[in-house]
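>>> task: produce atomic coordinates for the following.
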Amino acid sequence: MYRIAYIVAAAALVVTTAASAADRAPSVARGKATYLRVGCFECHGTQGQGGGGGATLAPNPLPEEALSNFVRNTTSFRMPAYSPAVLTDGDLADIHAYLSSIPKAPSPDSIAILKNLTPTKPTK
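Numbers count the residues shown, from 1 in each chain. Modelled structure (predicted):
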């Protein structure tokens, strides 16, 4: 009897653990919300484009492990390090998912209205 209860409890634990991992898969939506909530946008721009003293983060962000390592251990005077109490590993995975979702800007040559512009001479 105890053996059956043990097997059922172990199976429930496996199912619960699998559900928790699935619930915590990196999320672009959570990443964007966290990026905005903790203020990353103030220096890095709303789409990671840089400016305001912050480096360009997107498109093509650092690999997730490198981004996490930098965020946790930076000694930059421009950016504080963020402990897991402020940004969890899940939060960082979500932020990375958000930054990875940002597409590269189109080439000016691919924008129709820009193709038809002719240079003008400056007026004096």
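>>> how near is A97 to T88?
14 Å (C-beta to C-beta, to the nearest Å). To be clear about C-beta, it is placed using only N, CA and C from the backbone, and glycine gets the same treatment.
>>> my guess is S100 contacts L57. True?
No. Assessed by C-beta atoms under 8 Å, S100 is found out of contact with L57, at 10.1 Å.
>>> the two: which is more packed in?
Higher neighbour count among S100 and L57: L57, with 23 against 18, using other C-beta atoms under 10 Å.
>>> list the contacts of the residue nearest to that one when sequence neighbours are not counted.
Sequence neighbours aside, G48 is the residue nearest to L57 in space, at 3.5 Å (criterion: C-beta to C-beta, 6 or more residues apart in numbering). Shown in contact with G48 (C-beta atoms under 8 Å, 6 or more residues apart in numbering): 40, 56-59, 61, 99, 102.
>>> next, format those residues as a markdown table and append distance to A25, secondary structure and pLDDT.
Below are the contacts of G48 laid out as a markdown table (distance: C-beta to C-beta, whole Å; DSSP: H, G, I helix; E, B strand; the rest coil; pLDDT from 0 to 100):
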| residue | distance to A25 | secondary structure | pLDDT |
| --- | --- | --- | --- |
| C40 | 21 | coil | 95 |
| T56 | 26 | coil | 95 |
| L57 | 21 | coil | 96 |
| A58 | 20 | coil | 96 |
| P59 | 21 | coil | 95 |
| P61 | 18 | coil | 96 |
| L99 | 16 | helix | 98 |
| I102 | 19 | coil | 97 |
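>>> for those residues, give me JSON lines that also has distance to N116.
Shown next, in JSON lines, are those (distance: C-beta to C-beta, whole Å):
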{"residue": "C40", "distance to N116": "38"}
{"residue": "T56", "distance to N116": "30"}
{"residue": "L57", "distance to N116": "33"}
{"residue": "A58", "distance to N116": "30"}
{"residue": "P59", "distance to N116": "27"}
{"residue": "P61", "distance to N116": "34"}
{"residue": "L99", "distance to N116": "34"}
{"residue": "I102", "distance to N116": "28"}
